[in-house]
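> heads up, no residue letters with this:
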């Protein structure tokens, strides 16, 4: 049986490779319109020991692949993250997109498996079909795949941290290098993590993080000695503060305080205050697997800069909530509320399918949906604890 599965999987891989090769020209024309082309351009420049943040160089490379906008798609992640896109610079733009898509899908599959291992039923080694269906139909997953954004790689980093933190702290710390590519969407995590490391004396985790950070930074500097200066210059040229950011904080600023960039950081300040109180309340029993997802959902709600593709990092929290609800006998009103959440997710999937540009702001409410879902589902976890429901029907 195992031999048959291996043969079938190899046949499917060969069929996929043949399809990509046969339709290369047609697919290539759409590659230039995806965000992933910025990773290929930055990786190409870095592989040739050039400035990966050079606006003219990136624009020239992207135009060579059919990109027709006057403003290039730039890699905006910090220098310690460029190692993630470096291998793409060794490939053509088309095959770099194929490889990147494979990385995203692989990260998604592994993250879902990790979520089941952390929160699923221990007597069932594999996720149920319903659990997998919910994971793959999470709207930010589709958005991330369509855009070719790195959200699912960040998801993998967070999932690995949650999985490894208890038994393999050094590896868990090293895994945090991945979400550090977009530190702003994890703003609430970093100060709590720092306090937790000091108070619990988890120096091994800090050592893993420091080792990975120094290694990644050394690679970046070895390929471009002035990379930090180039990064700062790129941020100044791109003038992010003048852009419309379709996050909740961006919408608040855009509607009421368009001229004041600092307004976008007000929700973050409130989030930091909440996270401090949340940690203090749970400090004696703090568990990153149990309490970490709550920090994530509030962090994505209050972040000053994010896109819906970044919200894919919330998948462990979403699936954790799914399992809480599944283990409880639901009333009719609860079933209707859950149906509402499903409908909102499907609505977002339809918007993604229609390829509505994120810059329109139409996705700004998505983080509110995931925030509401998590805290609604968490109520069922408390109900489960008080009733002692250990053998509820599975999915």
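Good, I have the coordinates. Just so it is clear, the model here is predicted, and its values are computed rather than measured.
> any weak-confidence spans in this protein?
The model of the chain has pLDDT under 70 over residues 1-33, 123, 239-245, 249-258, 261-262, 359, 361, 382-395.
> mind checking the longest helix of it?
The residue-count maximum for a helix in the chain (DSSP state H) belongs to helix 93-119.
> those strands in the chain, which residues are they?
Counting by DSSP state E, one finds no strands in the chain.
> quick one on the thing from earlier: just list what the longest helix of the chain packs against, helices and strands only.
Secondary-structure packing of helix 93-119 (3 or more CB pairs under 8 Å, 6 or more residues apart in numbering; DSSP states H and E): helix 24-31, helix 36-47, helix 129-136, helix 139-147, helix 151-164, helix 315-326. Backbone N, C-alpha and C define where each C-beta goes, glycine included.
> do that again at 10 Å, thanks
The contact analysis (3 or more CB pairs under 10 Å, 6 or more residues apart in numbering; DSSP states H and E) places helix 93-119 against helix 2-22, helix 24-31, helix 36-47, helix 129-136, helix 139-147, helix 151-164, helix 288-302, helix 315-326.
> which of these sits closest to residue 186?
Checking the helices and strands packed on helix 93-119 against residue 186 by CB to CB gives helix 288-302 as the closest, at 5.8 Å.
> tell me what the closest one is packed against?
helix 93-119, helix 151-164, helix 189-200, helix 248-256, helix 266-282, helix 315-326, helix 366-387.
> residue 147 and residue 319, how far apart?
22 Å (CB to CB, to the nearest Å).
> can I get the helices and strands packed on helix 288-302 in JSON lines with mean neighbour count and distance to residue 79?
Formatted as JSON lines, the helices and strands packed on helix 288-302 follow (neighbours: other CB atoms under 10 Å; distance: least, CB to CB, whole Å):
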{"stretch": "helix 93-119", "mean neighbour count": "19", "distance to residue 79": "20"}
{"stretch": "helix 151-164", "mean neighbour count": "25", "distance to residue 79": "17"}
{"stretch": "helix 189-200", "mean neighbour count": "15", "distance to residue 79": "18"}
{"stretch": "helix 248-256", "mean neighbour count": "17", "distance to residue 79": "25"}
{"stretch": "helix 266-282", "mean neighbour count": "15", "distance to residue 79": "23"}
{"stretch": "helix 315-326", "mean neighbour count": "24", "distance to residue 79": "27"}
{"stretch": "helix 366-387", "mean neighbour count": "17", "distance to residue 79": "28"}
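> of all those, which one is nearest residue 134?
The nearest among these, by CB to CB, is helix 315-326 at 5.5 Å.
> on that earlier part again, format the helices and strands packed on helix 93-119 as a markdown table; extra columns: distance to residue 271.
Output for the helices and strands packed on helix 93-119, formatted as a markdown table (distance: least, CB to CB, whole Å):
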| stretch | distance to residue 271 |
| --- | --- |
| helix 2-22 | 42 |
| helix 24-31 | 36 |
| helix 36-47 | 28 |
| helix 129-136 | 26 |
| helix 139-147 | 19 |
| helix 151-164 | 17 |
| helix 288-302 | 3 |
| helix 315-326 | 15 |
